[in-house]
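> Sequence and predicted structure, then a few things I'm wondering about:
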Amino acid sequence: MFESKLANVMASEHSDATPTWNLACHHAKSFREGIGTRIQRPIQTYPESLAVFEEATPEHGTPPHDVISDLVQKAEPGLHAMTGPRFYGWVIGNSHEVGVAADWLTAAWGQNTGNHSATPAAAAAETVAAEWMLDLLGLPSESSVGFVTGCTMAHFVTLAAARGEVLARLGWNVEAEGLSGSPSIKVILGEEAHSTVYSALKYLGIGKKQVVQVAVDSNGAICQENFAKAISESTEDQAVIVVLQAGQLNTGTFDPLRPLINKARELKNCWIHVDGAFGLWARACPDRAYLADGIELADSWAVDGHKWLQTPYDCGYAIVRDAEAHRRAMTIAASYLPSAAEGERDPAHYVPELSRRARGFATWAMIKHLGRDGIAAMVSRHCQYARLLAELLVTERGVQVMNDVVLNQLAVRFGADQTQEYGDAITQKTIAEVQREGTCFAGGAKWRGVWIMRISVIGFSMTEADVRLSAEAIIRAYRKVSVE
C-alpha cells in the first residue's frame, strides 16, 4: 500500500517537473545556439537589470513554468557573451556543452559531495579525474587534488598546506596552536603576482609586510638575479614560501621555473607554490610544454578547470605533492561522518567545504570528451590564434603588441607612436568603442604604467574566422576614435 502511494507521488512529481526541465533546456539551448550572432556584451547594464528584477518579496508561490519564463526574460538581456566565440575579456573558457550537460546532471542528482560513503559515484569520479589531470599535466602521481571553486580557493588550500608544513618543520603546530606566537613566515613572489595570491595569504593570516616582491622583466617574469638575492637574504630559521607564476595575467609569460626552483631548494625550509591558473595547461600541449619546464619540481600548484579545460563554473583544482600536509590543513571530521579507510578518498579532506557540488563529474566528462590529443590541440590552436591576432593588429599604424606572444595573451597598446598621455586616452577609447560596437569583447588594464587592451584567446568555440573578424572590428574601432 505504501509503495503504491509512493509510486503515485513520484509519478505526480515527475509529471510536474518534466515540463519545467524541458523549458529550461529549451531556453539554455536557444541562448547557446544564438550566442555567436548576438552582440558580444550584455545589452542591459547593472542598474537596468536591477530595476527589472526588483519587486516586493513574494507572498504567494508562482507556478514553475512561470518562474522559469520570468527568470529568462529578466536575465538574458543582462547576460554576458562569455560563452561566445569572440570573447577575450578575461582568461575564461566557454563552458563546453559536454561539461555543461554533465553539470546539469550533477545539479539534478543533487549529491552533497563531502564523503565517499555517502556519495560513492561523486567521490570516485573525483578520484579518477584527479589521476587523469596529474597525468595530463605531468605532475607527481602521488599528489593529492582538491576540487575547489577556482584559483582563489586553490591558492588558499595549497598555501594553507604550505603554511602548516613550513611551520611544522620549525616545531610549530598551526592546526593546534594557531598563528599567535608562531615563527614568522616569509613569502617571496614576483611583483606582478596575481591579486588572488594576496587574497589567499590574507585569509591565512599572512600579511603584506611578510611578502618580498621580486622585480620582473618586460614580460612580467621574475628576474633570476633579483630572486637569488631574495633567497640569499633568507635565514635558516625562517619559514619561507615561494610563489611562482605559470602564465602571467597580461602576457602569458612564465617565470624561469627550473632555475628558480633549484635556487629556492638551497633553503632548508622552503615550500614552492605555482600559480598556474591557465598556464599550467601548457603542460598538456607538446608544442607549449617547454614553457613550464621544471614545474613538476614544485610542492603545490593551483589551476582552473573553467579556463582551458572548458568546464562550467565553478571549478578549480588545488594540487599538493605532500598529500598528508594537504589533509592536515583541510580535513573536516565529525562523529556522524563515516571515516575513510586505506585506499578510500573523502573529497572533504582536500577542500574547505563540507557541503558542495560534485565538481568531479564535469571534469571527468571534459577530459573523457577531449582526451589528451584534444586538449593539446585546443591549447595549440588558441596559441596560434593569439599570434595571428597579434600579426593582424600590428599591420595598423600606431598599434603595438607589448608582450612576446608565447601563449594566448596579448597586451595591446593604441596610439603607441604618440605621447603616453595620448596613448592612454586612445587605448581606453578604443576599448570602449569595441565594447559598444559588440562584434567582440575585450577589456583593459593598466600594465607597466600604461593602459592596454587585454586580449585572452581561450574560448573553445573560436575559429580563425572569428579571429579575423575581431581584428577588423578592433582596428575599425581604433580608426573611429582616432579621428573623433
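Structure received. Numbering: from 1, shown residues only.

> okay, CA-based contacts and neighbour counts for the rest of this
Noted.

> And stretch 41-53, what's buried?
Neighbour counts over stretch 41-53 (16 or more other C-alpha atoms under 10 Å) mark 41-44, 49 as buried.

> Relative to the whole chain's centre, how far out is it?
Put simply, stretch 41-53 sits 26 Å off its chain's centre (C-alpha atoms, centre = their mean, to the nearest Å).

> Helices along the stretch 1-150 of the chain, start to end?
2-33, 46-53, 64-75, 97-109, 120-137 (DSSP state H, counting those that start in this stretch).

> Output those as a markdown table; include the columns mean pLDDT and distance to residue 422.
Listed next are the helices of the stretch 1-150 of the chain as a markdown table, based on pLDDT from 0 to 100; distance: least, C-alpha to C-alpha, whole Å:
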| stretch | mean pLDDT | distance to residue 422 |
| --- | --- | --- |
| helix 2-33 | 72 | 39 |
| helix 46-53 | 96 | 30 |
| helix 64-75 | 95 | 38 |
| helix 97-109 | 95 | 43 |
| helix 120-137 | 96 | 43 |
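
> re earlier: which of the buried residues of stretch 41-53 lies closest to residue 470?
Ranked by distance to residue 470 (C-alpha to C-alpha), the buried residues of stretch 41-53 are led by residue 41 at 13.8 Å.

> Tell me the spacing between the closest one and residue 126.
Per C-alpha to C-alpha, to the nearest Å, residue 41 is found 34 Å from residue 126.

> quick one: low-confidence ranges for the stretch 101-250 of the chain?
Counting by pLDDT under 70, the stretch 101-250 of the chain contains no low-confidence residues.

> residues touching the residue positioned nearest the centre of the chain, list them.
Nearest residue to the geometric centre of the chain (C-alpha atoms, centre = their mean): residue 304, 3.7 Å. Residue 304 sits next to 150-151, 276-278, 315-317 when contact means C-alpha atoms under 8 Å, 6 or more residues apart in numbering.

> farthest pair in those residues?
By the measure C-alpha to C-alpha, 276 and 315 form the most distant pair in the contacts of residue 304, at 14.0 Å.

> neighbour count winner among the two?
Each of residue 276 and residue 315 has its neighbours counted (other C-alpha atoms under 10 Å); residue 315 has more, 25 against 22.

> The more buried one contacts residue 149, doesn't it?
Yes: using C-alpha atoms under 8 Å, residue 315 is in contact with residue 149, at 4.8 Å.

> mind listing what residue 218 touches?
Contact partners of residue 218, counting by C-alpha under 8 Å, 6+ apart, are residue 403.

> so how far is residue 40 from it?
Taking C-alpha to C-alpha as the measure, residue 218 falls 31 Å from residue 40.

> Which secondary structure state does residue 240 sit in?
What DSSP: H, G, I helix; E, B strand; the rest coil gives for residue 240 is strand.

> Just confirm residue 412 is within a helix.
No: counting by three-state DSSP, residue 412 is not part of a helix but strand.

> which residues pair with it across the strands?
Here residue 412 sits in beta bridges with residue 401, residue 453, as judged by DSSP bridges.

> Now for it, how many residues are close by?
For residue 412, the tally of surrounding residues (other C-alpha under 10 Å) stands at 23.

> and it, what does it touch?
Counting by C-alpha under 8 Å, 6+ apart, residue 412 has contacts 399-402, 452-455.

> Need the residues you listed in JSON lines (columns: neighbour count).
Formatted as JSON lines, the contacts of residue 412 follow (neighbours: other C-alpha atoms under 10 Å):
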{"residue": "399", "neighbour count": "20"}
{"residue": "400", "neighbour count": "20"}
{"residue": "401", "neighbour count": "20"}
{"residue": "402", "neighbour count": "18"}
{"residue": "452", "neighbour count": "28"}
{"residue": "453", "neighbour count": "24"}
{"residue": "454", "neighbour count": "25"}
{"residue": "455", "neighbour count": "25"}
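
> Disregarding flanking residues, what is the spatial nearest neighbour of the residue nearest to the centre of the chain?
residue 316 (4.1 Å; C-alpha to C-alpha, 6 or more residues apart in numbering).

> Let me see the contact set for residue 303.
Going by C-alpha under 8 Å, 6+ apart, residue 303 touches 150-151, 154, 275-278, 280, 316-318.
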